[in-house]
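**Student:** predicted structure and sequence below. I'll ask about it afterward.
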Amino acid sequence: MPYTIKAKCPCCNKEADGLKEIDEKFGWRIPNDKTIPQSYCRKCRAAHCKAGEPCKVK
Ligand SMILES: [Zn+2]
């Protein structure tokens, strides 16, 4: 059964739909045997965006 997974960056509101897009735009983290998407997209992480601060990604 195919399953869909989505991610949305809370900072720049970028969305990724499906494993491939999440792989490209967000990346993954594996905190404890679970593979889950990064909450922030790659660009925001690269720009060191933080919650409560304006997004630095243009
Ligand atoms: Zn972002």
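**Tutor:** Noted; the coordinates are in hand. All of these numbers come straight from a predicted model, not from anything done at the bench. Numbers count the residues shown, from 1 in each chain.
**Student:** where does the residue nearest to Pro37 when sequence neighbours are not counted sit: helix, strand or coil?
**Tutor:** Leaving aside its chain neighbours, Pro37 sits nearest to Ala7 (3.9 Å; criterion: Cβ to Cβ, 6 or more residues apart in numbering). C-beta: built from backbone N, CA, C; applies to glycine. The three-state assignment at Ala7 reads strand, by DSSP: H, G, I helix; E, B strand; the rest coil.
**Student:** per-residue pLDDT, Ala7?
**Tutor:** Note for Ala7: predicted pLDDT of 96.
**Student:** any idea how far the ion is from it?
**Tutor:** Taking Cβ to the ion, to the nearest Å as the measure, Ala7 falls 10 Å from the ion.
**Student:** can you check Cys49 too?
**Tutor:** 7 Å.
**Student:** now that residue: how far from Thr4?
**Tutor:** 26 Å (Cβ to Cβ, to the nearest Å).
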